[in-house]
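Student: The amino acid sequence is not available; the structure is as follows:
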C-alpha cells in the first residue's frame, strides 16, 4: 500500500466509515481524486487532494458560503486539511453531462443552471466572502499565458520570443480593464455542465448541485455566464444560448448593456486562450492527450469572441502569431 493510500485509509477510519465499500469516481483534469463510500443505504464522497499540488481550504470556504446563499454545494462532513482529505455529502451522479447523454432536455437543464446563476448573482451577499480578486494577474499571468507558454511552442517548434509574450500580456491588460470594472460578484470560474448536477428532490435554484468551485474569486458577472454557454467541451445549441442570455438580461437588467456584451467577449476570449494552452499542457506535461479532441471547438469559440469590434487589436495579434495553419495540434505530430 502506498503512503497516500495508507493516509486515505486512516482518514476513512477516523471519520467512521471503515466498513464502507470504496468505489473510485472518475476525476477531472486536476490532481484531485474522488472515492464514493457506500455503507448500506448511506453514501458519502471523499475528496483526495494531495498537498502541495492541491489545497482543500478554498473548496471548504466557498462551499460553506454557497450553502448560506441557499445553493446546493456539498456539505462538508469532515476534513483533514493538512493531508488534503474531505468527507463530503454525496450529491449523486446526475451531472448535466450524464443527463444530456441520456437525452435529457437541453433547454430544461440550462434553465436550471441559469436559475442557480441568477440566484447567485442577484443575492446581496454573493460577494460577501474573502476571496482573491479576479484581476489581470489571475486571468493572464496565471491563465492566458498558457497559450504563449504551451500552445505556441507546440505549433512553432520553438519557445515563444519574450517580446511576443510581453506584447500578448500588454494587450490583455488594456482590453480587460473595462470588463473588470463591472460591479463584482462571486465568480465560481468552472461553472459548466461537468460540474452541475440535477438534485431531483430539491426545489428552485437548489435543484442545481454545484461542484468544483475551489478556484472561485470575486470577479465579473460575465465570467460564469460565458463559462456555461461557451463550453469548450460541448456545443451549446445557439437557440438555447440566446435564450439564456435573454434570461440573464431580464433578471439582471443593470447588466443589459453594450459594456456587458464586450465583457462577455473579452472574458470569453481570455478564457478560451487559456484553455487552448491548457489542452496542450494536459497532453505534454500530464500525459492526457484525450483533451485535444476539444481543441477545434475551443478555437472556434476563441475566434468568435475575437470577432467583437472592441477586440480588434487583440485579434490582429492572434492572426499574426497563430494564423490558420497554426490552429491545429495532432497528438504524435512532434516527438
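Tutor: On my side now, so go ahead. Since this is a predicted model, take the numbers as computed values, not measurements.

Student: give me the number of residues near residue 162?
Tutor: Applying the criterion other C-beta atoms under 10 Å, we find 9 residues in the vicinity of residue 162. All C-beta atoms are positioned from the backbone trio N, CA, C, and that covers glycine.

Student: One more: residue 5?
Tutor: By the criterion of other C-beta under 10 Å, residue 5 has 10 neighbours.

Student: my read is residue 23 is in a helix, agree?
Tutor: No. Looking at residue 23 with DSSP: H, G, I helix; E, B strand; the rest coil, it is strand, so not inside a helix.

Student: Against residue 267, how distant is it?
Tutor: 37 Å (C-beta to C-beta, to the nearest Å).

Student: With residue 54 instead?
Tutor: Going from residue 54 to residue 267 by C-beta to C-beta gives 25 Å.

Student: These two: which has the busier surroundings?
Tutor: When residue 54 and residue 267 are compared on other C-beta under 10 Å, the one with more neighbours turns out to be residue 267, at 29 against 17.

Student: wait, the more buried one sits on residue 226?
Tutor: Yes. Counting by C-beta atoms under 8 Å, residue 267 does reach residue 226; the two are 5.5 Å apart.

Student: Contact partners for residue 280?
Tutor: Neighbour list for residue 280: 146, 150, 151, 154, 292, 329 [criterion: C-beta atoms under 8 Å, 6 or more residues apart in numbering].

Student: same check, this time on residue 175
Tutor: Going by C-beta under 8 Å, 6+ apart, residue 175 touches 266, 269, 310, 311, 313, 314.

Student: Check those residues for burial and list the buried ones.
Tutor: In these, burial by neighbour count holds for 266, 269, 310, 311, 314, counting by 16 or more other C-beta atoms under 10 Å.

Student: so who does the fourth one touch?
Tutor: Going back to what we said before, that points to residue 311. Residues in contact with residue 311 (C-beta under 8 Å, 6+ apart) are 175, 265, 266, 269, 305.

Student: so of these, which ones are in helices?
Tutor: In this view, these that belong to helices under DSSP state H are 175, 265, 266, 269, 305.

Student: How about the contacts made by the spatially closest residue to residue 268 that is not a sequence neighbour?
Tutor: Nearest residue to residue 268 in three dimensions, chain neighbours excluded: residue 305, at 4.0 Å (C-beta to C-beta, 6 or more residues apart in numbering). When contacts are counted by C-beta under 8 Å, 6+ apart, residue 305 touches 230, 265, 266, 268, 269, 272, 311.

Student: From residue 183, how far out is the residue lying closest to the second one once chain neighbours are set aside?
Tutor: In space, not counting the residues next to it along the chain, residue 265 is nearest to residue 308; the distance is 3.7 Å by C-beta to C-beta, 6+ apart. For residue 308, the distance to residue 183 equals 21 Å [C-beta to C-beta].

Student: And those two? Which one has more around it.
Tutor: residue 308 (18 against 11).

Student: The more buried one touches residue 267, doesn't it?
Tutor: No. Contact between residue 308 and residue 267 fails when scored by C-beta under 8 Å: they sit 11.2 Å apart.

Student: And for residue 275, the neighbour number?
Tutor: The number of residues packed around residue 275, counting by other C-beta under 10 Å, is 26.

Student: Locate it within the secondary structure: which element?
Tutor: In the assignment (DSSP states H and E), residue 275 maps to helix 258-284.

Student: Name the residues of that helix that are buried.
Tutor: Neighbour-count burial for helix 258-284, with 16+ other C-beta under 10 Å as criterion, is recorded at 260-284.

Student: Let me see the contact set for residue 146.
Tutor: Under the criterion of C-beta under 8 Å, 6+ apart, the contact partners of residue 146 comprise 273, 274, 276, 277, 278, 280, 281.

Student: ok, the first one to residue 113 distance?
Tutor: Translated: residue 273. Looking at residue 273 against residue 113, where the rule is C-beta to C-beta, the gap reads 24 Å.

Student: same check, this time on the fifth one
Tutor: Note on residue 278: its distance to residue 113, by C-beta to C-beta, is 22 Å.

Student: Likewise for the last one?
Tutor: Summarising the geometry, the distance separating residue 281 from residue 113, computed by C-beta to C-beta, is 27 Å.

Student: Many thanks, I have nothing further to ask.
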